[in-house]
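K.L.:
next input, structure requested:
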Amino acid sequence: MENKKKEILEKHCYTELVYQRINKKLKIAFSKDETEQFIRKVLEETVIENYLKKGKNFYISNKDYNVRITVNSNTFRIITVDRI
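P.N.:
Prediction:
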């Protein structure tokens, strides 16, 4: 899983709609840059034990930020970010 964490950090990407979805679900108003910085920070700071592959997605949970990031395991595209 350590290699997958590195790969997710290197390859993760976004669609136009995901920026809006993240802002809506987290009830924030981040710009695209702020969203990308936030996601990168959470991905980097999350311990490997909180990276879970289930089906076609990775679920990265970070209790310090109170979020779970869903990433497609084939494209490494960020799907959504939920509060936990």
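K.L.:
other SSEs contacting the worst-scoring helix or strand of the chain on mean pLDDT?
P.N.:
The helix or strand of the chain with the poorest confidence is helix 2-11; it has a mean of 93 (mean pLDDT, DSSP states H and E). Secondary-structure packing of helix 2-11 (3 or more Cβ pairs under 8 Å, 6 or more residues apart in numbering; DSSP states H and E): helix 32-45, strand 51-54, strand 57-62. (Glycine included, C-beta is placed from N, CA and C.)
K.L.:
run the angle between that helix and strand 57-62 for me.
P.N.:
Counting by axes from the mean of the first three to the mean of the last three Cα atoms, to 10 degrees, helix 2-11 lies at 90 degrees to strand 57-62.
K.L.:
buried ones in helix 2-11?
P.N.:
K5, I8 (16 or more other Cβ atoms under 10 Å).
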